[in-house]
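Student: no letters, just coordinates:
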């Protein structure tokens, strides 16, 4: 199978690239390197079946890139991530996450790709749903432009499926973490805590620490993407998470324990667009994809901490 991975130099995208190559597929990774890095693709670039293209999904030359790649399946992970970044600049968020997705879908259609698998956000599209864990049947209620953009992307996928027959699948991801993730208070709190403790730097919790997230390990997410490409699941959205809500305060305590550091975070005011809590009901993924989360939080955090410590020389 020939595949194209947009956002292929990011921590999720590069992990997906490695899995696809290990399974014998021909892989093209597209990334503008605004957040991803070529270091993430160091193993992939040594493989004969891999090629990398530096490019932007909003660029007018994207159709030529996709046509040259001639993919059977497109994994669309490229995005400007983060609710707070989208609140600071909603126009730029829409340009990248809405127009970029439309540009990619049009290029995929023109190239003859048979399927597009889209990375949506289970943390951003549902808002503060009253019933937890949240199933795909709950209506969208985003609290940020980022969440609104992801819903827009899903609507465009549905339109391309109905109008042109492009097969689609959407994965609504929880808070993905793991090796290669850069520290980022907006989207990467696990990596942020791990990096600070590895460097013996202070840590900060925004709000009182009761805000909760559904943390899901990157290898588990990659497995869901691969299954979504293979299964006959046209036009469906699948939640991909652990099914458990873990508070930021609980997470901090776990990282501190594993890092043998004091569990003494600073506290700062909460931030606009912050969800109070979410856990994802993954029953549909279990039945439709044959997928289960398989990495416990303690194990995943331990592996992330080990990777961050090596990167930091700790």
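Tutor: Right, received. Where do you want to start? Just so it is clear, the structure is predicted and the values come from calculations on it, not from any experiment.
Student: where does residue 220 sit: helix, strand or coil?
Tutor: In three-state terms, and counting by DSSP: H, G, I helix; E, B strand; the rest coil, residue 220 is helix.
Student: what is the burial count for it?
Tutor: 20 (other CB atoms under 10 Å). Where C-beta positions appear, they are placed from N, C-alpha and C, glycine not excepted.
Student: what does residue 155 give?
Tutor: With other CB under 10 Å as criterion, residue 155 counts 13.
Student: what's the average pLDDT for whichever strand or helix holds it?
Tutor: Taking DSSP states H and E as the definition, residue 155 sits inside helix 145-164. Averaged across helix 145-164, pLDDT comes to 96.
Student: so what does that helix touch, helix or strand wise?
Tutor: Identification of packing neighbours for helix 145-164 by 3 or more CB pairs under 8 Å, 6 or more residues apart in numbering; DSSP states H and E yields helix 83-88, helix 90-94, helix 100-111, strand 115-121, strand 167-173.
Student: any idea which of these gets closest to residue 135?
Tutor: Of all the helices and strands packed on helix 145-164, strand 167-173 sits nearest to residue 135, with 10.3 Å by CB to CB.
Student: ok, residues contacting the closest one?
Tutor: 114-123, 125, 136, 154, 157-158, 160-161, 216, 221, 224-225, 228-229, 231, 233-241, 280 (CB atoms under 8 Å, 6 or more residues apart in numbering).
Student: one step back: and the helices and strands packed on helix 145-164 as TSV, adding distance to residue 64, mean neighbour count and mean pLDDT?
Tutor: Formatted as TSV, the helices and strands packed on helix 145-164 follow (distance: least, CB to CB, whole Å; neighbours: other CB atoms under 10 Å; pLDDT from 0 to 100):
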stretch	distance to residue 64	mean neighbour count	mean pLDDT
helix 83-88	29	20	87
helix 90-94	24	16	95
helix 100-111	8	21	97
strand 115-121	18	25	97
strand 167-173	23	25	97
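Student: got those as a markdown table, with distance to residue 23 columns?
Tutor: A markdown table is the format used below for these (distance: least, CB to CB, whole Å):
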| stretch | distance to residue 23 |
| --- | --- |
| helix 83-88 | 33 |
| helix 90-94 | 34 |
| helix 100-111 | 21 |
| strand 115-121 | 15 |
| strand 167-173 | 18 |
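Student: closest to residue 268 out of the ones you listed?
Tutor: Comparing these under CB to CB, the one sitting nearest is helix 83-88, at 13.2 Å.
Student: check the offset of the helix holding residue 155 from the chain's centre.
Tutor: 17 Å (CA atoms, centre = their mean, to the nearest Å).
Student: pretty sure residue 2 is touching residue 68, no?
Tutor: No. Counting by CB atoms under 8 Å, residue 2 sits too far from residue 68 to count as a contact (11.0 Å).
Student: could you give the bridge partners of residue 212?
Tutor: With DSSP bridges as the criterion, residue 212 is bridged to residue 247.
Student: what sits against it?
Tutor: Residue 212 touches 245-248, 276-279, counting by CB under 8 Å, 6+ apart.
Student: quick one, strands of this protein?
Tutor: Using DSSP state E, the strands of the chain run over 2-6, 26-31, 50-54, 73-76, 115-121, 167-173, 175-177, 204-206, 212-213, 215-217, 236-240, 246-247, 266-268.
Student: nothing else from me, thank you.
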